[in-house]
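Novice: The sequence isn't on hand, but the structure is:
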């Protein structure tokens, strides 16, 4: 059983069936989810998808987290998928508009750290749509390395030793931001 992952500004917890409404609402928002694969169907369909997901979670093939404010209210989602040690794919990160400052940075550090520490992986990969320039800039600032591209996407990787080095800097920045709240 995966427990809550605690951060300075936000926490992560595995999605539950009861999160279907929040997931559907957030992923159906055309402004928030424009760079993600579209979802189809209803909240009930999302709940059914989560039933299958929970089996993949147990098999450690995929991890899906709700990003929580310290109050416990959800403010975002992030996934680790295509988990094939020594690598995993990270992404599908999405937030409500009024998320806490630095929530994206801390959710990235916590979820990728989970992949390295709890799944014994040594490399994270991600792909981002070319038109998602805000995300591309974020990943480059974070420390990801561009490894390829095609018409639709750019592909990035980050190795665990470099993540460990960079995450110390990111965690310090986040903790300082948490004090400012």
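Specialist: Okay, I see it. Given the structure is predicted, the values throughout are model-derived calculations rather than measurements. Numbering: from 1, shown residues only.
Novice: in the protein, which strand has the most residues?
Specialist: Using DSSP state E to assign secondary structure, the strand with the most residues in the chain is strand 74-84.
Novice: And the average pLDDT for the helix or strand encompassing residue 175 is what?
Specialist: Counting by DSSP states H and E, the secondary-structure element that holds residue 175 is helix 160-180. Here the mean pLDDT over helix 160-180 is 81, rounded to a whole number.
Novice: Now do the contacts for the residue nearest the centre of the chain.
Specialist: Geometric centre of the chain, nearest residue: residue 78, 2.6 Å, by CA atoms, centre = their mean. Residues counted as contacts of residue 78 (CB atoms under 8 Å, 6 or more residues apart in numbering) are 12, 64, 65, 67, 90, 91, 92, 93, 94, 107, 108, 111. All C-beta spots, glycine's among them, are computed from the backbone N, C-alpha and C.
Novice: likewise residue 66?
Specialist: If you count contacts by CB under 8 Å, 6+ apart, then residue 66 has 12, 13, 14, 15, 19, 22, 74, 76, 77 around it.
Novice: now residue 87
Specialist: Neighbouring residues of residue 87 by CB under 8 Å, 6+ apart: 121, 122, 123, 124, 125.
Novice: about what we covered before: which elements pack onto the helix holding residue 175?
Specialist: On a contact count with 3 or more CB pairs under 8 Å, 6 or more residues apart in numbering; DSSP states H and E, helix 160-180 meets helix 103-117.
Novice: buried stuff in the helix it packs on?
Specialist: Of the residues in helix 103-117, those scored as buried under the neighbour-count criterion (16 or more other CB atoms under 10 Å) are 103-116.
Novice: mind giving me CSV with those and columns for distance to residue 133 and pLDDT?
Specialist: Compiled in CSV, the buried residues of helix 103-117 are given as follows (distance: CB to CB, whole Å; pLDDT from 0 to 100):
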residue, distance to residue 133, pLDDT
103, 20, 94
104, 15, 93
105, 18, 93
106, 22, 95
107, 20, 96
108, 17, 96
109, 22, 95
110, 24, 96
111, 22, 97
112, 21, 97
113, 26, 96
114, 27, 97
115, 25, 97
116, 27, 97
